[in-house]
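>>> The following block contains a protein sequence and its predicted model.
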Amino acid sequence: MISLDDLNSLPAPQFAAALSGVFERSSWVADRVSALRPFRSRFDLHRALCTAVEQADTDEQLTLIRAHPELAAKERMRGELTPESASEQHAAGLGACTPEELARLQQLNAAYAKRFGFPFVLAVKGHDRAAVIAALEQRLGNTIELERAQALREIGRIAAFRLADLVDEPLGRGIIAMADELARLSDRPDGLSCSYLTPAHRATAALLRDWMLAAGLEAEIDAVGNVIGRWRNSAASKRTLVTGSHYDTVVNAGKFDGRLGILLPIAVVARLRGAGVRLPYTLTVVGFAEEEGVRFKSTFLGSRALAGRFDPALLDKVDSDGVSLRQALASAGHDAAGIPAVAFDPKTLLGFVEVHIEQGPALLNAGAPLGVVTSIAGSIRSLVSITGLAGHAGTVPMQGRRDAAAAAAELILAVEKRCGGTPGLVGTVGQLQVPGGAINVIPGRCELSVDIRADRTEVRDAAYASVVAESERIAASRQVAIVWDKALDIACVPCSPDLQQRLVESITRVTGQISPPRLPSVAGHDAMVMAQITPVGLLFVRCGNGGISHHPSESLSAEDAEIAAQAFRDFLLYYPAG
Ligand code: HGY
Ligand code: MN
Ligand code: MN
């Protein structure tokens, strides 16, 4: 491997030579980007290389496509494959075709070359022989324009996989670079918003799957969109340690909430595998598809499916455009009937450990890069609708109005008052709207959300009960109707003492800090759901800017990402055989 720093500082000819294997027999691509150095990350380098291919003329693009060997065909027989193609084709099992498979591939390759005038190109990583044959059969029906564009996309993915094997960058910097890369995939042009099953969400899943494949994990996307990577180690270990977090985001989010807990394990696995390390258990890395509950008010949908607790009633929930979850799944190519089958078998689980930014200032204030979570606050989330009486803003006297928004205002202050002053108890009204409101109409309806959490379930429940009681008083005094629709009710979750202790010991070994902070999490996490089927641990990583989160200013330093990755690596290495 070669470090990104070295690549950035090499004389141009050596730079191109170092990258000569990234595009099959086509070192001209690297030649064209050497003047653009220095590159901030492997992804910036990859993007520059792919742009050079896109900007090349059609003849150069066709020459590049034609530089690729046919799959499992004559070059392989004659040993003429480049080392990269040979290892890729071998890993896909193309060196072990049955006579029938070989005949089928040669027949398809000949038909494809005859139809398009260039060879079938596929990034075979993550494919087996059957999948390669299926892709060839499926793409034979495309137009030449589609296939030329598809071939160049596949060449771009092959280049990304080859760069992952070639270019070395420090764990922390690589993790930040991956988070930056994912943040480019958003539902909106401004800021990061990645709601469940939107095009940006699906592109994020595909990229996570590619990165898992590049790290050497078997990777798939399940029936609800979870991205599951498996590093199967000793055949003896039938049980798996699970790690991961969510890749959906709130609206106008930060880049690290959830995503850090997927990217960091991917980076650590790539490093361990690259060093030839084997773990005495299988490691499963999960990108949970939906945790924030933004689009369908379906918090923890991804982890609930894996915990075998997916509620089929969710399928009929609709988003703000009236699209049901069932329709959204089908449009994304998922089969809702397959959801029950995605569940983990709890007997096969060793435990679940999530790495997550703290989303608060405690570690920052303690001057500690890492902390171990003792428990995760339970929360009740409700959608409240208030119905009063609309009327003319001018002609209706103030006395006797049944103003739904004024009732909501009183309720919001009641939440703030009841939840203030008790340590570990918080209450938030995050959404507030007057449907169809107008400047000159008394609000007849008002909708709001109420999120109440505490580090002890009884404190949470008492606060929720008194806020509901207060809403009944408000309803009576203002002659409005107030209806509470509970969207989430999840109790506090204690973290496993054994996993806490293991995380503490790893932090101590890596940082030298004898007793790193142990702290409760008031933010919710997928670990709360996974706790229903296996012991859980949660490693908190310091975030900057005062600990702000669910906001574009959310920040994580490469140094802290590096320390967290080293501690997680240590945790994996010391975790006992499963
Ligand atoms: O709201 C939460 O606590 C989490 O970020 N979903
Ligand atoms: Mn969040
Ligand atoms: Mn989160």
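Structure received. Ligands and ions are numbered 1, 2, ... in the order given.
>>> For the stretch 1-150 of the chain, give me the ranges with low pLDDT.
Across the stretch 1-150 of the chain, the ranges flagged by pLDDT under 70 are 74-75.
>>> Can you name the residue of it nearest to ligand 3?
Closest residue of the stretch 1-150 of the chain to ligand 3, CB to the ion: residue 43 (23.0 Å). To be clear about C-beta, it is placed using only N, CA and C from the backbone, and glycine gets the same treatment.
>>> Which positions in whichever strand or helix holds that residue come out as buried?
Element membership for residue 43, per DSSP states H and E: helix 42-55. Residues of helix 42-55 classed as buried: 42-50, 52-53 (neighbour count, 16 or more other CB atoms under 10 Å).
>>> hmm, back to that, test my guess that the residue of the stretch 1-150 of the chain closest to ligand 3 contacts residue 182.
No - using CB atoms under 8 Å, residue 43 is not in contact with residue 182; the gap is 10.0 Å.
>>> tell me which parts of this structure are close to ligand 1?
Within the chain, the positions near ligand 1 by CB under 6 Å from any ligand atom are 291-292, 523-524.
>>> okay, these in TSV with neighbour count and secondary structure next?
What follows is the residues of the chain next to ligand 1, written out as TSV (neighbours: other CB atoms under 10 Å; DSSP: H, G, I helix; E, B strand; the rest coil):
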residue	neighbour count	secondary structure
291	27	coil
292	22	coil
523	20	coil
524	23	coil
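>>> Just want the most central residue of the protein.
The chain has residue 247 as the residue nearest its centroid, 2.4 Å off, counting by CA atoms, centre = their mean.
>>> and that residue, how far is that from residue 571?
Distance of residue 247 to residue 571, given as CB to CB, to the nearest Å: 22 Å.
>>> Mind jotting down where the helices sit in the stretch 351-500 of the chain?
Using DSSP state H, counting those that start in this stretch, the helices found in the stretch 351-500 of the chain span residues 362-366, 404-419, 457-478, 497-511.
>>> Make a markdown table out of the ones you listed and add mean neighbour count and mean pLDDT.
Compiled in a markdown table, the helices of the stretch 351-500 of the chain are given as follows (neighbours: other CB atoms under 10 Å; pLDDT from 0 to 100):
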| stretch | mean neighbour count | mean pLDDT |
| --- | --- | --- |
| helix 362-366 | 16 | 97 |
| helix 404-419 | 19 | 98 |
| helix 457-478 | 16 | 97 |
| helix 497-511 | 19 | 97 |
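>>> Of those, which is nearest residue 91?
Among the helices of the stretch 351-500 of the chain, helix 497-511 comes nearest to residue 91, with 31.9 Å by CB to CB.
>>> Going by contacts, tell me the helices and strands next to the helix or strand following that closest one.
On the C-terminal side of helix 497-511, the closest following helix or strand by DSSP H and E is strand 518-521. Packing partners of strand 518-521 (3 or more CB pairs under 8 Å, 6 or more residues apart in numbering; DSSP states H and E): strand 370-376, strand 536-541.
>>> if you average pLDDT over whichever helix or strand comes after strand 518-521, what comes out?
Where DSSP H and E defines the elements, the next helix or strand beyond strand 518-521 is helix 527-530. Here helix 527-530 scores 98 as its mean pLDDT.
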